[in-house]
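**Student:** Generate a structure from the sequence data that follows.
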Amino acid sequence: QVQLVESGGGLVQAGASLRLSCAGSGRTFSRYDMAWFRQAPGKEREFVARIRWSGGTTYYATSVKGRFTISRDNAKNTLYLQMNSLKPEDTAVYYCAAGYGVGTDGFATDYWGQGTQVTVSS
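**Tutor:** Below you'll find the predicted structure:
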């Protein structure tokens with residue numbers, strides 16, 4: 001079993017940067033593909049980015065490509081999301097997930113974190 005705890009969210013102005021972290025417990029963290037999702041108020045949870053278990057392959061949602069970077073450090077059991085040039089429409093609760101990539105941009109989630117709030121003011 002893997003437990004995931006996100007951190008790093010906050011309130012920033014448009015154009016600013018934030019780095020989210022997701023700390024995983026358990027010795028199997030490095031065996032999972034990992035992903036970030038987000039959910040804005042009144043909207044469904046949406047895929048943001050994913051990374052292979054090895055860290056070698058990444059995929060991004062079109063809305064964040066070129067602004068966000070997903071990475072991982074398996075030695076530290078930690079997943080990251082570097083978010084640059086933030087926009088008000090990036091405001092959401094961000095969740096990390098452990099599971100398996102499916103196809104081009106799909107993800108089958110086995111475990112979810114509790115989420116961290118990101119608010120971008122205009």
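**Student:** CA only for contacts and neighbour counts going forward, please
**Tutor:** Noted.
**Student:** For the spatially most central residue of the chain, list each beta-bridge partner.
**Tutor:** Nearest residue to the geometric centre of the chain (Cα atoms, centre = their mean): residue 36, 2.4 Å. Using DSSP bridges, the beta-bridge partners of residue 36 come out as residue 49, residue 96.
**Student:** so who does it touch?
**Tutor:** Residue 36 is in contact with 47-50, 81, 94-97, counting by Cα atoms under 8 Å, 6 or more residues apart in numbering.
**Student:** with these in mind, which one is nearest to residue 116?
**Tutor:** Nearest to residue 116 out of these is residue 94 (Cα to Cα; 5.3 Å).
**Student:** Skipping adjacent residues, who's closest to the closest one in space?
**Tutor:** Among residues not flanking residue 94 along the chain, residue 38 sits closest, at 4.3 Å (Cα to Cα, 6 or more residues apart in numbering).
**Student:** quick revisit: mind checking pLDDT for the residue nearest to the centre of the chain?
**Tutor:** You'll see residue 36 listed with a pLDDT of 98.
**Student:** just residue 27 next, same as before
**Tutor:** pLDDT recorded at residue 27 is 73.
**Student:** Give me the neighbour count for it.
**Tutor:** Using other Cα atoms under 10 Å, residue 27 has 11 other residues around it.
**Student:** Please report how far it lies from residue 43.
**Tutor:** Distance, residue 27 to residue 43, using Cα to Cα, to the nearest Å: 34 Å.
**Student:** Using a markdown table, please lay out the contacts of residue 36 together with neighbour count.
**Tutor:** Shown next, in a markdown table, are those (neighbours: other Cα atoms under 10 Å):
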| residue | neighbour count |
| --- | --- |
| 47 | 20 |
| 48 | 24 |
| 49 | 26 |
| 50 | 30 |
| 81 | 23 |
| 94 | 26 |
| 95 | 26 |
| 96 | 30 |
| 97 | 28 |
